[in-house]
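K.L.:
please find the sequence and the predicted model below.
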Amino acid sequence: MARSRNSAPLLLALLVACAPAAAKDAAGLRIATEGAFPPFSDVTADGEVRGFDVDIANALCAHMQVTCEIVTQDWDGLIPGLQAGKFDVIVASMTITEERRKQVAFTHRYYSTPLALVARKDSGLAGIEPAALAGRALGAQAASVHADYAQSVYGRAGADVKLYPSVDEALMDLANGRLDAAISDKFALVDWMRKSGRDCCEIAGTLKDSETHAGIAVRLDDQALRNRLDAALDAILADGTYRTIQARYFDFDIY
């Protein structure tokens, strides 16, 4: 009897400690992506969310054996939405930076990419060094490492930096002649050039010392979920799932 009475509080404590994780598993996870950054995320005409980020998210959920719902959120609302509890995870090609680490907890990287400059063929640019963009209109996505680079490197050298809610909008203005050049992740620009930008534009070059690492983000206090995502990411890298997904979108290694 004494043994039974002494073990009851411990059992209750264990049940309470496990309850939040069990409840989250039962409810599934809501995963946010941007939906405006092909080939990583895009929304079809019939409302289907697709892309590399979406496939990676679904593969992680399958490995963790949890039900996941993919939702779209404008770029500048991703971190605030996560913090407010609108969703549990961000899989949106979000670059890991020290400033963002103060707001969210990142997994280790799930791909890496340098930044690149894409320019109109008729722009007459002499190169991609900062001085070559002086007095030119340069587009980038607001609140991104692209914007930081554009402003700190090219803006200081005299470029007219214009910021957009999404990369798609910047590239649309580039194609329509409202910009001379734009900055984004090189892999996204390669995809855009292949699909719709080849007639108007060309990749002018890869930006020096600009490699970035994309991570999956969770709330700062959700370390257990981050650890589970890290373990699932390691697993899909090891078992070939990652490379199968990668091959759907790229003919080169992005990890």
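P.N.:
Sure thing, it's come through. Numbers count the residues shown, from 1 in each chain.

K.L.:
all helices for the chain, in order.
P.N.:
Remark: helices assigned in the chain by DSSP state H are 2-27, 52-64, 78-83, 98-101, 145-149, 167-175, 186-192, 223-238, 241-249.

K.L.:
how about residues contacting the third one?
P.N.:
Helix 78-83 is contacted from outside by 32, 34, 73, 87-90, 92, 94, 100, 103-104, 217-219, using CB atoms under 8 Å, 6 or more residues apart in numbering. C-beta here means a position set from N, CA and C on the backbone, and glycine is covered the same way.

K.L.:
buried sites along it?
P.N.:
Within helix 78-83, the residues that count as buried by 16 or more other CB atoms under 10 Å are L78, I79, G81, L82.

K.L.:
just give me the closest of those to L171.
P.N.:
Among the buried residues of helix 78-83, L78 lies closest to L171 (CB to CB), at 19.9 Å.

K.L.:
which non-adjacent residue is nearest the closest one?
P.N.:
I90 (5.3 Å; CB to CB, 6 or more residues apart in numbering).

K.L.:
next up, the contacts around the one you found.
P.N.:
Counting by CB under 8 Å, 6+ apart, I90 makes contact with I31, A32, T33, L78, I79, L82, V104, I216, A217, V218.

K.L.:
can you check R194 too?
P.N.:
The contact partners of R194, taken as CB under 8 Å, 6+ apart, number zero.

K.L.:
on that earlier part again, just the ones of the contacts of I90 in strands?
P.N.:
If you go by DSSP state E, those have I31, A32, T33, V104, I216, A217, V218 in strands.

K.L.:
quick one: those as CSV, columns for pLDDT and neighbour count too.
P.N.:
As requested, the ones in strands among the contacts of I90 are exported to CSV (pLDDT from 0 to 100; neighbours: other CB atoms under 10 Å):
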residue, pLDDT, neighbour count
I31, 98, 24
A32, 98, 25
T33, 98, 30
V104, 98, 21
I216, 98, 28
A217, 98, 26
V218, 98, 24
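
K.L.:
of the residues you listed, closest to D168?
P.N.:
T33 (13.9 Å).

K.L.:
widest-spaced pair of the contacts of helix 78-83?
P.N.:
Distance extremes for these: the farthest pair is E34 and R219 at 18.5 Å, using CB to CB.

K.L.:
the more surrounded of those two?
P.N.:
Ranked by neighbour count (other CB atoms under 10 Å), E34 and R219 place E34 first, with 28 against 20.

K.L.:
only C-alpha atoms, please: export stretch 181-200 in CSV.
P.N.:
The C-alpha coordinates for stretch 181-200 follow below in CSV (Å, rounded to 0.1, in the frame of the first residue of the first chain):
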residue,chain,number,x,y,z
ALA,A,181,17.4,44.4,-61.9
ALA,A,182,16.2,42.3,-58.9
ILE,A,183,17.8,40.3,-56.1
SER,A,184,16.6,36.9,-54.8
ASP,A,185,17.7,33.4,-54.0
LYS,A,186,19.5,32.0,-57.0
PHE,A,187,17.5,28.8,-57.2
ALA,A,188,14.2,30.7,-57.4
LEU,A,189,15.6,33.0,-60.1
VAL,A,190,16.8,30.0,-62.1
ASP,A,191,13.3,28.6,-62.0
TRP,A,192,11.7,31.9,-63.0
MET,A,193,14.1,32.3,-65.9
ARG,A,194,13.3,28.8,-67.1
LYS,A,195,9.5,29.3,-66.9
SER,A,196,8.8,32.9,-67.9
GLY,A,197,11.8,35.3,-67.6
ARG,A,198,14.1,34.1,-70.4
ASP,A,199,12.8,36.5,-73.1
CYS,A,200,13.2,39.7,-71.0
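
K.L.:
what comes up buried for it?
P.N.:
Buried, per 16+ other CB under 10 Å, within stretch 181-200: 181-193, 197, 200.

K.L.:
what's the mean pLDDT across it?
P.N.:
Stretch 181-200 comes out with an average pLDDT of 96.

K.L.:
so how many other residues sit close to the closest residue to L133 other than its chain neighbours?
P.N.:
Distances taken as CB to CB, 6+ apart place A159 nearest to L133, at 4.1 Å, with adjacent residues excluded. Counted with other CB under 10 Å, residues neighbouring A159 total 23.
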